[in-house]
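Chemist: Pasting the sequence and the predicted coordinates here, then a few questions.
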Amino acid sequence: MLIKLTGGTVYDPASGIDGQQQDIFIQDGRIVDAPTDGRPVDKEYDLRGKVVMSGAIDMHTHIGGGKGNIARTLLPEDHRADPVHRTQLTRSGTGHAMPSTYVAGYRYAEMGYTACFEPAVLPVNARQAHMEMGDTPIVDKGGYVMLGSDDFLLRMLTANKDQKAINDYVAWTLNAAKGIGIKVVNAGGINAFKFNQRKLDLDEQNSHYAVTPRQILQTLAKAVLELGITHPLHVHGCNLGVPGNVDTTLNTIQGVEGLPMHLTHIQFHSYGTEGDFKFSSGAAQIAEAINNNKNITADVGQILFGQTVTASGDNMRQHANHRFASPNKWVCMDIECDAGCGVVPFKYKDQNFVNALQWAIGLEIFLLVEDPWRIFLTTDHPNGAPFTSYPHLIRLLMDRSFRNDMLATIHPEAQKMTTLASIEREYTLNEIAIMTRAGAARIIGLKDRGALSAGNWADITVYTENADRQAMFSKPDYVFKDGELVVQNGEVVKVTWGTTHIVKPDYDLSIEKDLKPYFDKYLTMKLGNFKISDDEISEDGRGSLTAHPLRGVA
Amino acid sequence: MTEITEVPSPFCGIGTDDLAIHIDGVSLKVTANGCAVNSPAFELPIVDTAPRVAGQAVDLATAVAKAAELLRNTQQPVIGGCATDVNGMRALLALADKVGAVADTGNFNIARRNLLAMQDAGWMNTTLAEIKNRCDLLLIIGTVPEGFAPRFFERYLWTEDAMYLSDTSVREVIYLGKTPCGDASTSPSGKKAQALACADAELPDVVAVLSALIKKQPLQAQSVGGITVDDLQAVAEKLRTAKYSVVLWGAGTLAYDHAELTVQTICNIVKDINLQGTRCSGFPLGGKEGDQTANQVCGWTTGYPARVNFAKGYPEYDPFLYDSHTMLTNGEADALLWVQAFNANAKPPLTELPSIILGRSGMSFDKEPDVFIPVGTPGIDHAGHAYRLDNVVAIRLKKLRDSGLPSTAEVLHAIEQAL
Ligand SMILES: [Zn+2]
């Protein structure tokens, strides 16, 4: 079937197209050149006056895995307020802070998103992450596999294993857990918490292993680079949420010595200690550091006001933050000599000084980082806010007067502590398309996604131009997934199943000679039973795997 | 005749995956690392393979059609048991969503003791590998782990090596409430577990006193439930001085009203120890034959644990109202579908309502159901996934033989299609 999208205003930053009127042709799921052989068009959509972008990509959203299910189980009251009815086409479920998987897939698609990446896949819990993502319809998915607090890596570092051995282990784990990138959460900190350390600075040693977070970050960043994994090491830094952590973050940027590194939910790591409340914005310093260090990318982790739940691998910091739990209940877990997790419900309030300033800090970072290819739109769903708040966030970025109206309503002391009112920048549609599409595909390493030139998969979102950007981005006219119309007027019209994006870096099989006895001796599972096989993803007839090329490989 | 090694078990709950099994046609024999739970469960012979309608053998299509007919015009069917693998539970929830049923896992009333505590205050828990490598003090409250899983101590405490203990026999084990059964809890060097026993009915008070001692609250009592406060004080001190203590409880044996309050007190003890500057973790022992699997899959599919009602077209969760047994007894249901793919000895609830049973081959009934469909056992007759009791690890179950028995998922999909 040949589909023609006629006359839309196209924003395709990957091809350098910034708001030009263009036709797009789709055949067999992919975008194709305009046919020259006179083939008839089977279906035409008149998109004159509409805005056309590729499908949006959320490069950091907690949609699958154990801690998400803990968050769901912990908060039945949050689900009760947002029941989702079954329809002829769609399954029932529940929404709000941590929606059921079906609802997450539908709602992402209904916002024009066509791919989501779970950033905290514990290797030992990777099956669950894939099973949950496997029950998330329409969107493509993938995960970043967590390392850095696992005892095997720390033992390797203590034993001064060479970088090649580390690389083999990293590649082995990535293959076994089926991820597309490597994530570090509070490097070594989750492990240190098991030894009763309650904080861990960048250069502080693990009390057992005598390894520092800086060492872990450098080693893993190097492994990612040397293995040719496109996505830079994905780093949830030390000291999340601690006033003064801006210095830690700046040190982290310097400490990685030019290696590619992605700093996630950087808003939570950009706090100073100035002012009457000893809590201030470090956004300007952070933005300057990002602007000056081209090896660094970041997503913001914007907070927005209201009830949500924070779910993180960082049980050290989550335990420290449990006193802010609202409602007052929380879960922390140590997990399998692999990692941990902490789940703490939060209610961000605009009349709370700290929350109000967190809100402003996130926006400052968005607006002060100059290169939209290196900063990404996230709320660290659900940690800063549920993903359903993205259209509101886009309006805050694109509409200065709206932003300043909102600013005028927050805690007055917070207003005094932010430069937000003086920042004139408004994001353009092209910049939004970069940070939510072209840039995201590039940083994750997705081949043939996030762009609208011929050869790409036809993941396409069509909006009606509207000065109210929140309204515009809430309800796309059309969403195509792999060339199929899945959403019309903001509602699912067809349920499809996206693929799971992975990379498969090579490694020396002899690493299993070290791993097998370690599994037998210390873990609770056989090595062979740990590795996820391809058929586990595909045997339900819906899932599939798409392996992306490594860097330096065509 | 073949032998398969490193076979994971869905039966014992602790994720044993080192079994060796001889396969001869459809008969299985555990040849290494069996136990009183796993060996009989694997070795159970296949008895019946033909579905039955009203007691008469029929083909699968006929049984499926009859099941669909029985469900078609119901107002409030209930789906109980829910003892199956991940794919089986996925299919079960899809069907429940379609017919507006209650989905209620068989042991929910036990799991509820934990869930109510968790949903009210949360907890700090750990998993099996952490116990194996770190635990230097195991406090067991109101249960006997070796009764639940015979290989618990062998696999997780008295191991040859542990990463952070030079000698695993230095681990200290204390039973509070129950006494050990046999020598499983005795360390390899011969050190017996300490036992501070009390009657079940006294356990809430005993745990409350321990909690007060942890909180350093003044106490008038000298003893509680036959246990001296001094002994409990010594337990409190040990929890404060251990490097990585684990407080284990088993909701299944806290068989009294409002046991969730005991669970919550236990969880608070763990939190308090952590707030006082020492690491300590809880460990809820329980969940086998698909209990955790049902709650996990229902968790991500609906947002709630596995006691939900789809009658209104969306999932509603109520840990009390949607008890399938009560609903059957009170006349609140109009059909029963019951799924038990693991345990041929389990019995469905007795009811006069139209009933459809998906059970393990060899299941016997006090009253023949309208439809009986023998299904394959996950991890024997087909591959699948099952959750271990600590909820983090999903094990990959293997297919061991070609029995021709359909999986739960296949049968439930077929029923859904036939509606
Ligand atoms: Zn995150």
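Modeler: It's in.
Chemist: OK, now which residue of chain A is nearest to the ion?
Modeler: Across chain A, the shortest distance to the ion (C-beta to the ion) belongs to residue A:380, at 4.3 Å. (Glycine included, C-beta is placed from N, CA and C.)
Chemist: doesn't residue A:269 make contact with that residue?
Modeler: No. In this structure, residue A:380 is not within contact of residue A:269 by C-beta atoms under 8 Å, at 11.3 Å.
Chemist: Tell me the residues of the stretch 301-419 of chain B that contact chain A?
Modeler: By C-beta under 8 Å from any C-beta of the partner chain, the residues of the stretch 301-419 of chain B that approach chain A are B:301-305, B:310, B:312-317, B:383, B:385, B:391-396.
Chemist: Now, the residues you listed that are in strands?
Modeler: Among these, the members falling in strands are B:316, B:317, B:385, B:394, B:395, B:396 (criterion: DSSP state E).
Chemist: okay, now the residue of the stretch 151-300 of chain B found nearest the ion: neighbour count?
Modeler: Across the stretch 151-300 of chain B, the shortest distance to the ion (C-beta to the ion) belongs to residue B:300, at 17.7 Å. By other C-beta atoms under 10 Å in any protein chain shown, the residues close to residue B:300 number 30.
Chemist: so it sits right up against residue A:134, yeah?
Modeler: No. Applying C-beta under 8 Å as the test, residue B:300 and residue A:134 come out as separate, 9.9 Å apart.
Chemist: quick one on the thing from earlier: count the neighbours of the residue of chain A closest to the ion for me.
Modeler: The number of residues packed near residue A:380 is 28, by other C-beta under 10 Å.
Chemist: and what of residue B:257?
Modeler: Using other C-beta under 10 Å, residue B:257 is surrounded by 7 other residues.
Chemist: so what pLDDT did residue 399 get?
Modeler: Just going to use chain A. Looking at residue A:399, its pLDDT stands at 98.
Chemist: if you could check chain B rather than the one you did, that'd help
Modeler: Listed pLDDT for residue B:399 reads 97.
Chemist: again, but for residue B:287
Modeler: Looking at residue B:287, its pLDDT stands at 86.
Chemist: what about the residue nearest to it when sequence neighbours are not counted, helix or strand, and which?
Modeler: The shortest distance from residue B:287 to any non-neighbouring residue, by C-beta to C-beta, 6 or more residues apart in numbering or on different chains, is to residue B:389 (4.4 Å). When elements are assigned from DSSP states H and E, residue B:389 belongs to no helix and no strand.
Chemist: Would you mind measuring from residue B:389 to chain A?
Modeler: Distance from residue B:389 to chain A, counting by C-beta to the nearest C-beta, to the nearest Å: 11 Å.
Chemist: need the contact list for that residue.
Modeler: Residue B:389 is in contact with B:13, B:14, B:15, B:284, B:285, B:286, B:287, B:288, B:292, counting by C-beta atoms under 8 Å, 6 or more residues apart in numbering or on different chains.
Chemist: Most neighbours among those, which one?
Modeler: Counting neighbours by other C-beta under 10 Å, residue B:287 comes out on top of those with 28 neighbours.
Chemist: thinking again about what came up before, separate out the buried members of the residues of the stretch 301-419 of chain B next to chain A.
Modeler: Neighbour-count burial (16 or more other C-beta atoms under 10 Å in any protein chain shown) applied to these gives B:301-305, B:310, B:314-317, B:383, B:385, B:391-396.
Chemist: Grab the nearest non-local neighbour of residue A:504.
Modeler: Setting aside the residues directly before and after it, residue A:504 is nearest to residue A:547 in space (C-beta to C-beta, 6+ apart), at 5.1 Å.
Chemist: The one you found contacts residue A:500, correct?
Modeler: No. With contacts counted by C-beta under 8 Å, residue A:547 stays clear of residue A:500, the gap being 9.8 Å.
Chemist: more crowded one of these two?
Modeler: residue A:500 (22 against 13).
Chemist: Does that one touch residue A:132 like I think?
Modeler: No. Counting by C-beta under 8 Å, residue A:500 does not reach residue A:132; the two are 11.6 Å apart.
Chemist: on that earlier part again, and the residue nearest to residue B:287, how far from residue B:286?
Modeler: Taking C-beta to C-beta, to the nearest Å as the measure, residue B:389 falls 6 Å from residue B:286.
Chemist: list the residues that contact both of these two?
Modeler: The contact sets of residue B:389 and residue B:286 overlap at residue B:13 (C-beta under 8 Å, 6+ apart).
Chemist: Would you mind naming what in the stretch 51-200 of chain B lies close to chain A?
Modeler: B:86-87, B:90, B:94, B:97-98, B:115, B:118-130, B:132-134, B:155-156, B:159-164.
Chemist: Now the buried members of those.
Modeler: Among those, the ones that count as buried by 16+ other C-beta under 10 Å are B:86-87, B:90, B:94, B:97-98, B:115, B:118-130, B:132-134, B:155-156, B:159, B:162-164.
Chemist: Which of the residues you listed fall within strands?
Modeler: Using DSSP E, B:122, B:123, B:124, B:125 are the members of these that sit in strands.
Chemist: domain parsing for chain B?
Modeler: Domain segmentation of chain B under automatic domain parsing yields B:47-107+B:289-418, B:111-284.
Chemist: what are the ranges of the helices in the stretch 151-300 of chain B?
Modeler: In the stretch 151-300 of chain B, the segments counted as helices under DSSP state H, counting those that start in this stretch are B:152-156, B:203-214, B:229-241, B:259-275, B:291-302.
Chemist: ok, and which of those helices has the densest surroundings?
Modeler: Highest mean neighbour count among the helices of the stretch 151-300 of chain B (mean count of other C-beta atoms under 10 Å in any protein chain shown): helix B:291-302, with a mean of 29.
Chemist: Quick check: which helices or strands does that one pack against?
Modeler: Here helix B:291-302 touches helix A:66-74, strand A:93-94, helix A:101-110, helix A:126-134, strand B:77-83, helix B:86-99, helix B:108-121, strand B:384-387, going by 3 or more C-beta pairs under 8 Å, 6 or more residues apart in numbering or on different chains; DSSP states H and E.
Chemist: Looking at those, spot the one closest to residue B:229.
Modeler: With C-beta to C-beta as the criterion, residue B:229 lies closest to helix B:108-121 of the helices and strands packed on helix B:291-302, at 24.7 Å.
Chemist: Name whatever forms a beta bridge with the nearest residue to residue A:533 once chain neighbours are set aside.
Modeler: The shortest distance from residue A:533 to any non-neighbouring residue, by C-beta to C-beta, 6+ apart, is to residue B:396 (7.4 Å). Beta-bridge partners for residue B:396, by DSSP bridges, are residue B:385.
Chemist: mind checking how far residue B:396 is from residue B:111?
Modeler: 24 Å.
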